[in-house]
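Asks: Sequence below, structure please.
(2 chains)
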Amino acid sequence: MLLSNVLVIDATDRFGWLAGRVLADLGADVVKVDPPGTDRTRPEWRAFNVNKRVVELDLTRSADRKRFDDLVAPADICLLTPAAPPSLPLDPDALRRRHPSMVVVAITPFGSVGPRSAWKGTDIETMAAGGAMALAGETDGAPMRVSEPQAYAWAGAQAALGALIALFKRAGTGRGDRVDVSAQASVVTALSHAPAFVDLLGVEPTRAGAFITGRSIKGARYRVFWPCRDGFINFIFYGGNAGRRTNEQLVAWMRDRGAELGVLAAIDWKSWDPTKADQAEVDAIEAPVMKFFAAVTKREFLTEGHRREMLGYPVSTVSDIATDPQLEARQFFERVAGSAETFCGAFAIIDGQRPPLRHAPGAPFTTAQDERERAGGQT
Amino acid sequence: MTALPQALAGLKVLEFGGYAAGPHIGKVLANFGAQTIHVESRDRPDGFRLQYPPFKDDRAGYNRSGCFAFFNDSKYGVTVDLKKPAGVELARRMAQWCDLIVENMRPGVMERLGLGYGALAALNPRLVMLSTCNMGQTGPRADQPGFGSQLSALAGFCGMTGVPEGPPMLLYGPYIDYVASLLGASAALAAVLRSRRSGKGCCIDVSQYECGLMFMAGALQDYFASGRLAQRRGNEDADAAPHGAFPCRDGGWVALSCWSDAEFAALAGAIGKTGLAADPAFATPVARRANRTELEAVIAAWTRPRTADAVAETLQAIGVAAYPVVTMAGLFADPQLQVRRNFRVRRHPEMGDHCYCFPGFDLAEAPGDIIGPAPCVGADNDFVFRDLIGLSEVEYESYRSQGVFG
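Replies: Reported below is the predicted structural model:
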């Protein structure tokens, strides 16, 4: 395992769960510290805290604070989601002072500095603050978040990377560091290049519903979601080499099926340029495709699209994903030893092997002392 | 230049590929001090250079793309024609220089070029090679090409965005690519840490699809455990109520949520409807969800004449989570993002002064930075091949005369 010599104490709430999971999937020994009464039956808790061992500590009690201090002392990385202001023993600066070689990661909704650093935030406020909601939803409707929380995962993913960058530094210098993660700033990464439009052109990208904008210099919008027989398909008229092949193959597929082609029949895709099309041209291109896709199923589009090397994918539900042959072939979904539950497996394959999940969610962490006491009690 | 140490000083990274998924890995590593070389060719430049706006002054050009710039700051840019045997030979030499190769070609392309992991590891056993593509390197659809903007649909994100009675919603750009690039960067660094320790490199197969599913892991676990099919539900939440975005003055919006009856009572007081907290129609989260339309209308009537900032400040002062829905222009003026210097201006040789985006985290003692602007095509050929790779003048001239830097 890549991180098999690394000990991580994960004392986070939802904003940090994925960070610990990522490090665990890469082989670190991750011990999750939870407050008493944590509900471990919830799917989200189980999904993001599998592969960790758990110890429950009541940090309002001095005995448990001492236990936390002992637990964290040998850690290479400590993941925190500190309150504002932080309180012992979960104060990142105090931990850094006491353990100069430790990497202490503090994940907060809006970062540890700034006039709003103490503001309360959950998924929806940090998705809003990071710009993601402004870009999702109907043009004339309310900004939308993704119904499955995303900001926690964005923060967690950036936190894991920050922790490993600091660990790399430590390998060379012996000194740890304090990693400050802002969920708001983490979400900004999800916006891709949208902010560059403001900076370079003074143009404000906005939400476009089921359409894509910003690709045509004439301002045309392209349809992205097409109703199909059992749901929706995501298909976009792209340019470039890849787009040319896809567009040619779509027309060939439609021709094979005897579908009406309309203006598509006469287009030379080698020279067609989506950045130069105006709205009337785009509408004329899209009309026959709309009719064609209405009769196609999601799985049929996935299979035929693959066979024809076309760009585009069906809009999956979780059940479509759970039965996708590609994921089955790669054994992405995994059962963990001692449990009948199925989870997303480790996110990367190393030298042809997917690192196995080692701990069922909620697997207890016990110290050598616990073991001795337990053994003593049994005899 | 910074006087502070750079966390990834001494890490050497080579990139083959383009667009977002590969280059974003190298960009973040470069922000923390890794020497990162982006390899392309004049015939086959990075697709982000020419295919998508925004372009400086709306005029397309190899060195005018905001899209390319955003994911390639702080790197060196070189051109190597991999269609020429001498170009491949040069790439193999570069592979001996680096710790990490990131490539996002279609599966099999690097092998066909003679630049597969096996061939390169024979030259450099400590090499870590990360391959990232839509579906991963194996499986029945491994060869399927794709863009992240569409893969976000296959991974469930689009279907989970929007109102139940409407169509799925698009997430901007190749959303899922950045999930995969962040997770991939972590895997790459973990592998380099082991390689530095043990001398043993490895190859990493990153499927952008699978990485994306980590961000849907809760919904998937729920399906496996209970058969429940997660659906898009607008801005509703299973626990919090109210939970949504509300219209404000001047076209603004504010996001807010209440996670307990106490928070709702505070909100009710703030909007001058103290009685709501005791009203059976709104007293519990279940009741508030059942009467959502009515409740949201009452809240919207209070938010509409106010600015989003004023609403958020009022609610935060009484312990209710709220934040303006920040627009793309608003990001540049947001007080929190400003404190972090989230957008940093660097001077590009052709685009002039423009902004680059910093990652969502920073190190206190070894802070990262936008080290420099994105490179123009082949801008660093001289420096990289002579000073980093160490070609002699004779070798350099030989490659040049064979058109390898074309």
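
Asks: what bits of chain B have low per-residue confidence?
Replies: Counting by pLDDT under 70, the ranges of chain B that qualify are B:1-4.

Asks: give me the element the spatially most central residue of chain B is part of.
Replies: Central residue of chain B (Cα atoms, centre = their mean): B:Y178, 3.1 Å from the mean position. For B:Y178, the host element (DSSP states H and E) is helix B:175-198.

Asks: Mind listing what's buried along the helix or strand following that helix?
Replies: Counting by DSSP H and E, the next helix or strand C-terminal to helix B:175-198 is strand B:202-207. For strand B:202-207, a neighbour-count test (16 or more other Cβ atoms under 10 Å in any protein chain shown) marks B:202-207 as buried. (C-beta placed from N, C-alpha, C; glycine too.)

Asks: strand partners of strand B:202-207, parallel vs antiparallel please.
Replies: Using DSSP bridges, the strands paired with strand B:202-207 are strand A:348-350 (antiparallel), strand B:128-133 (parallel).

Asks: Packed most tightly, which of those strands would that be?
Replies: Ranked by mean neighbour count, those are led by strand B:128-133 with a mean of 28 (mean count of other Cβ atoms under 10 Å in any protein chain shown).

Asks: next one: the following helix or strand past that strand to chain centre, how far?
Replies: Tracing the chain past strand B:128-133, the next element assigned as helix or strand by DSSP H and E is helix B:148-154. The chain centroid and the centroid of helix B:148-154 are separated by 14 Å under Cα atoms, centre = their mean, to the nearest Å.

Asks: if we can go back for a sec, any idea of the angle the helix holding B:Y178 forms with strand B:128-133?
Replies: For helix B:175-198 against strand B:128-133, the angle by axes from the mean of the first three to the mean of the last three Cα atoms, to 10 degrees is 170 degrees.

Asks: In this structure A:W253 contacts A:R308, no?
Replies: Yes - contact criterion Cβ atoms under 8 Å: A:W253 and A:R308 qualify, at 6.3 Å.

Asks: returning to what we had before: the helix holding B:Y178 close to chain A?
Replies: Yes - Helix B:175-198 is in contact with chain A by Cβ under 8 Å from any Cβ of the partner chain, via B:175, B:177-179, B:182-187, B:189-194, B:196-197.

Asks: May I see the ChimeraX selection of the buried members of these?
Replies: Selection of buried members from the residues of helix B:175-198 next to chain A for ChimeraX, criterion 16+ other Cβ under 10 Å:
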select /B:175,177,178,179,182,183,184,185,186,187,189,190,191,192,193,194,196
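
Asks: mind checking pLDDT for A:K291?
Replies: Per-residue pLDDT puts A:K291 at 97.

Asks: what about it, how many residues close to it?
Replies: Close neighbours of A:K291, defined as other Cβ atoms under 10 Å in any protein chain shown, add up to 14.

Asks: Between A:W253 and A:R308, tell me which one has more neighbours.
Replies: Counted by other Cβ under 10 Å, A:W253 and A:R308 do not tie: A:W253 has more neighbours, with 18 against 15.

Asks: Check the secondary structure at the more buried one for me.
Replies: helix (DSSP: H, G, I helix; E, B strand; the rest coil).

Asks: in the stretch 151-300 of chain A, which spans are helices?
Replies: Assigned by DSSP state H, counting those that start in this stretch, the helices in the stretch 151-300 of chain A fall at A:151-173, A:183-188, A:194-201, A:240-256, A:279-293, A:298-307.

Asks: helices or strands up against the third one?
Replies: The reference is to helix A:194-201. Helices and strands touching helix A:194-201, by 3 or more Cβ pairs under 8 Å, 6 or more residues apart in numbering or on different chains; DSSP states H and E, are helix B:66-70, helix B:328-333, strand B:352-357.

Asks: how distant is it from the center of its chain?
Replies: Per Cα atoms, centre = their mean, the centroid offset for helix A:194-201 relative to its chain is 24 Å.

Asks: Measure how it sits relative to strand B:352-357, angle-wise.
Replies: Going by the same axes, to 10 degrees, helix A:194-201 is angled at 170 degrees with respect to strand B:352-357.

Asks: Repeat that for the fourth one.
Replies: For helix A:240-256 and strand B:352-357, the angle between their directions (the same axes, to 10 degrees) works out to 70 degrees.

Asks: again, but for the fifth one
Replies: Here helix A:279-293 runs at 30 degrees with respect to strand B:352-357, directions being taken by the same axes, to 10 degrees.

Asks: hang on, the earlier thing: for the strands paired with strand B:202-207, which one sits closest to A:L167?
Replies: strand B:128-133 (15.1 Å; Cβ to Cβ).

Asks: Check the residue of chain A at minimum distance from chain B and give its pLDDT.
Replies: Of chain A, the residue with the smallest distance to chain B, taken as Cβ to the nearest Cβ, is A:S192 at 2.7 Å. pLDDT for A:S192: 97.
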